[in-house]
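# Sequence and predicted structure, then a few things I'm wondering about:
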Amino acid sequence: MMTLVQLNAASQTQFLTALGSIFEHSPWVAERVIALRPFGAALHLHRAMCDAVMSADEALQLALIRAHPQLAGKAAIRGDLTTASASEQSGAGLAACSVQQYQDLHALNGDYEARFGFPFVLAVKGHTPDSVIAVMRARLANSPDVERRMALHEICRIARFRLADLVEEPAGGAVMAMAQDLAQFSESPTGLTCSYLTAAHQHTAARIRDYMLAAGLTTRIDAVGNVIGVLPGATPGARRLLTGSHYDTVSNAGLYDGRLGILLPIIVAGSLRRAGVKLPYDLTIIAFAEEEGVRFKSTFLGSRALAGRFDPGLLELKDGDGVTMREVLSAAFPDNAGSEMTAIGALALDPAAVAAFVEIHIEQGPVLLDAGLSVGVVTSIAGSLRSLLDIEGLSGHAGTVPMGLRRDAAAAAAEIVLAVERRCSAVPGLVGTVGKLDVPGGAINVIPGRCELSIDIRSGSDALRDAADADLDREITAIGARRGVKISRRRVLEVPSVPCSPKLQDAFSESVRRVTGQTALRLPSGAGHDAMMMANLTQVGMLFVRCGNGGISHHPSEIMSAADATTAAAVFEDFLLHFKAAV
């Protein structure tokens, strides 16, 4: 391998020689990007080369496509493949096809070239002979222009995989580049929004799977959209270590919430594989499909399925367009249509086969920033109670109804907001938020007759949280009676607090000490995480990573540094190498 620094500083000859195997028999691609150095990340180099391919004239693009050999074709049989192509085809089982598979591929190769005038190109990493045959059959229906673009897309995917085993770079820079890359898949052109099983969400899943494949992981996408990658260990039958986080986002999100906990383990796993390190257990990285609850107003859908806590009633929930979750799943995974819950139920993991679940996450707060520390060890995850309130008063003319005779729904809501602030400010470790406050149909000259608001109460202690909730319930009742308004309160979420395993806390703390030379800061998490649901399955631990801008999150100004990501990667790698003895 060559470091990115070395590649940026290489002579033209060295640069072209190093990248000569990335695009099949096509050195012109590397020649067109050499002047763009230095590249800040391997992903930037890859994007530049793909841009060069996509902007080339049609004749050059066709020459590039035609430089690729048929899959399991004559060149493969003669042994005339490049080293990279031979390895890829062998890895997909194309060097050991059955007689029927060879016959099918031979016939399809002929039909394909007769129709399009160039060979079928597919990034075969992660495929089997049967899946290659299925894809080739499906693509025979494309028009020539569509198929040319598809072939170029697959060539760029092949380049991604080849580059991963050629260029070494700091983990932090890779994390930042990958997070930015994922942000292109959004439901909004003005910010990052990626809600469950939208087109943007499914494109994100496909790209994450490619990252996993590039790292050398065995991958799959399951029946709820979780993307799962496995780094096989040296001890068959050993209990697995699970790690990961979510890839869905809130509306107008930051780049790192959830996704850091997917990308960083992928990078570390790839580094271990390339170094020839075999962990004494399988490492399973899970990109959970849904945690935020944006589309269907129900959280933790991905981790619920793996923890065996997926309620069949969730399938009947509707999104803002009136489409049920069942319908969305049926469209995304047609093989499971009509048996969605059976497929989801089969995802539940066996607790006896799992050693632990650990999650890496940005802190989403200012504690590490204020302490001047890159990482911290989480002690517990706060439980939360969420309620929706509907206040019904009486509308009236803003100028004719005396103040003492008003039944003002908004005034009652304001008093409730202050009651939440007052009660939850009185006890350390307790927080309360009114995050939604609406006056439906309000007007500047009308006394509000109706108001809607939400209340979110959190604490690392369920007893503290529940006591505050009970006190607020009594005060809300009193406010309604005093103001002559009707207040209905509906509980929409109740999640208990989750303590992190003391053994995993100690293991992460020791890794922090070995990597940084500092004593690890231990701190609670006020935000909910997939680890809460996975705690129903196994012991859990969490590592927080510092974020900037005062710790702001769930916002476009959410930031973190490449240096902190590099430190977190080193801590996580150390944790993995010592995990067996630690727990």
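Okay, I see it. Numbers count the residues shown, from 1 in each chain.
# By average pLDDT, which secondary structure element in the chain comes out worst?
helix 74-78 (a mean of 85; mean pLDDT, DSSP states H and E).
# buried set for that one?
Ala75, Ala76 (16 or more other Cβ atoms under 10 Å). The C-beta positions use only the backbone N, C-alpha and C, and glycine is treated the same way.
# next SSE after it?
helix 83-91 (DSSP states H and E).
# Does that next one pack against any helices or strands, and if so which?
helix 144-164 (3 or more Cβ pairs under 8 Å, 6 or more residues apart in numbering; DSSP states H and E).
# How far off centre is the helix or strand following the helix it packs on?
Proceeding N to C from helix 144-164, the next assigned helix or strand is strand 167-168, under DSSP H and E. How far strand 167-168 lies from its chain's middle: 23 Å, per Cα atoms, centre = their mean, to the nearest Å.
# Give me the angle between the helix or strand following strand 167-168 and helix 144-164.
Next helix or strand after strand 167-168 toward the C-terminus (DSSP H and E): helix 171-182. Helix 171-182 and helix 144-164 are oriented at 170 degrees to each other (axes from the mean of the first three to the mean of the last three Cα atoms, to 10 degrees).
# Return the set of buried residues in helix 171-182.
Ala171, Gly172, Gly173, Ala174, Val175, Met176, Ala177, Met178, Ala179, Asp181, Leu182.
# Could you export it as CSV, CA atoms only?
Output of helix 171-182 as CSV, limited to C-alpha atoms (Å, rounded to 0.1, in the frame of the first residue of the first chain):
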residue,chain,number,x,y,z
ALA,A,171,-8.9,7.5,9.8
GLY,A,172,-10.1,11.0,10.7
GLY,A,173,-9.8,12.3,7.1
ALA,A,174,-11.5,9.2,5.8
VAL,A,175,-14.5,9.6,8.2
MET,A,176,-15.0,13.3,7.3
ALA,A,177,-14.9,12.5,3.5
MET,A,178,-17.2,9.6,3.8
ALA,A,179,-19.7,11.6,5.9
GLN,A,180,-19.7,14.4,3.3
ASP,A,181,-20.1,11.8,0.5
LEU,A,182,-23.2,10.3,2.2
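# List of residues touching it?
The contact list for helix 171-182 (Cβ atoms under 8 Å, 6 or more residues apart in numbering) reads 4, 40-44, 47, 204, 207-208, 211, 247, 255-256, 259-260, 263-264, 267-268, 271, 561-567, 569-570.
# Give me the mean pLDDT for it.
Averaged across helix 171-182, the pLDDT comes to 98.
# Then stretch 340-354?
The model assigns stretch 340-354 a mean pLDDT of 97.
# all helices in the stretch 451-583 of the chain, in order from the N-terminus.
462-483, 502-516, 530-534, 562-582 (DSSP state H, counting those that start in this stretch).
# Which of the ones you listed sits closest to Gly276?
Minimum separation from Gly276 across those (Cβ to Cβ) falls at helix 562-582, 13.3 Å.
# re earlier: among the contacts of helix 171-182, which lie within helices?
Of the positions in these, 4, 42-44, 47, 204, 207-208, 211, 260, 263-264, 267-268, 271, 562-567, 569-570 sit in helices, assigned by DSSP state H.
# Is there a quick PyMOL command that grabs whichever of the residues you listed are buried?
Those of the ones in helices among the contacts of helix 171-182 that count as buried under 16+ other Cβ under 10 Å are selected in PyMOL with:
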select buried, resi 4+42+43+44+47+204+207+208+211+260+263+264+267+268+271+562+564+565+566+567+569+570
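# what residues does stretch 36-53 touch?
Residues contacting stretch 36-53 (Cβ under 8 Å, 6+ apart): 4, 7-8, 15, 19, 22-23, 29-30, 32-33, 61, 64, 152, 155-156, 159-160, 163-164, 167, 169, 173-174, 176-178, 181.
# Taking those residues, please make a PyMOL selection of just the buried ones.
Typed into PyMOL, the line below selects the buried ones among these, using 16+ other Cβ under 10 Å:
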select buried, resi 4+7+15+19+22+23+29+30+32+33+61+64+152+155+156+159+160+163+164+167+169+173+174+176+177+178+181
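# What residue spans form the domains of the protein?
2-164, 170-380+499-582, 384-496 (automatic domain parsing).
# Out of those, which one sits most buried?
Comparing the domains of the chain by mean neighbour count (mean count of other Cβ atoms under 10 Å), domain 170-380+499-582 comes out on top with a mean of 20.
# for the spatially most central residue of the chain, what are its contacts?
What sits nearest the mean C-alpha location of the chain, by Cα atoms, centre = their mean, is Tyr247, with 2.2 Å. The contact partners of Tyr247, by Cβ under 8 Å, 6+ apart, come to 182, 194, 201, 204-205, 208, 227, 258-259, 262, 287-289.
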